[in-house]
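Asks: would you be able to build a 3D model of this:
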Amino acid sequence: MFSLASGRPYSLMEHLVTHLNLSTPIITDNGALIVDSKTNNILWEVMLERTEALQILDLATIKQNHRAYISTDMGIFEYAKEIPGSAKIRKITIHNISMDQANQLTKEIEQIFKNLSIVKAVSGEDGHLVDLYFSHAQATKQHAVIKFAKLVGITPSEIIGIGDGYNDFSLLMACGLKVAMGNAVEEVKAIADYIAPSVDDDGIADVIEKFIIE
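Replies: Below you'll find the predicted structure:
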């Protein structure tokens, strides 16, 4: 089986699922959601508490003027006032901030809320900047991989995890074989059992050939 575990909402992953013709459950929103790729039905989800989510947005976007994306079951929004009252909030992304800003915002939020997962991810627009994900404490790739394993009838020890970003640390922690891409951040390389070639050098193909085909 081959599957995807991404910080992205499912709507931004569907083209990959279709292109790869996947039939496995897909982990999305950094672990807040598992979707059946055949039916698009939700198999598992963990939501942010709405009051906490709005407070986080107030601190990050209004008081500190950061840009945000709010992933919900009713779409992706940029402003709290746009979120429908009945929407379930899966993840908040604070977009394109420096590492110092990310560390400072994390420290401030952690002093207020205790039941959160706060994870960095390398910005897809600027490799020198990071995105910051806020979700429920159990909405992590590690929790989602464990749930994924139960859904498909295997153990986490049977999973090869391949990652490169800060948010892949928790993914690899749940997997039997931890693989870091050659372009991975140092924190991910530090826990890897194997470091593959970079994404530009077909690192995933190397892993498939080395650990599955051979």
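
Asks: domain parsing of the chain, as residue ranges.
Replies: Per automatic domain parsing, the domain ranges recorded for the chain read 1-45+143-154, 50-136, 155-214.

Asks: lowest average confidence across those domains, which one?
Replies: Lowest mean pLDDT within the domains of the chain: domain 50-136, a mean of 93.

Asks: residue nearest the middle of the chain, spatially speaking?
Replies: Geometric centre of the chain, nearest residue: Asn30, 2.1 Å, by CA atoms, centre = their mean.

Asks: am I right that that residue is in contact with Leu132?
Replies: No: with contact defined as CB atoms under 8 Å, Asn30 does not reach Leu132; the gap is 10.8 Å. No exception for glycine: its C-beta is placed from N, CA and C like everyone else's.

Asks: list residues touching both of these two?
Replies: Counting by CB atoms under 8 Å, 6 or more residues apart in numbering, the contacts common to Asn30 and Leu132 are 119, 121.

Asks: which residues in this protein form strands?
Replies: 25-28, 33-36, 42-45, 67-72, 75-77, 89-97, 116-122, 130-136, 160-163, 177-180, 194-195 (DSSP state E).

Asks: can you list these in JSON lines and add distance to Gln104?
Replies: Shown next, in JSON lines, are the strands of the chain (distance: least, CB to CB, whole Å):
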{"stretch": "strand 25-28", "distance to Gln104": "28"}
{"stretch": "strand 33-36", "distance to Gln104": "28"}
{"stretch": "strand 42-45", "distance to Gln104": "30"}
{"stretch": "strand 67-72", "distance to Gln104": "16"}
{"stretch": "strand 75-77", "distance to Gln104": "24"}
{"stretch": "strand 89-97", "distance to Gln104": "9"}
{"stretch": "strand 116-122", "distance to Gln104": "12"}
{"stretch": "strand 130-136", "distance to Gln104": "10"}
{"stretch": "strand 160-163", "distance to Gln104": "26"}
{"stretch": "strand 177-180", "distance to Gln104": "27"}
{"stretch": "strand 194-195", "distance to Gln104": "31"}
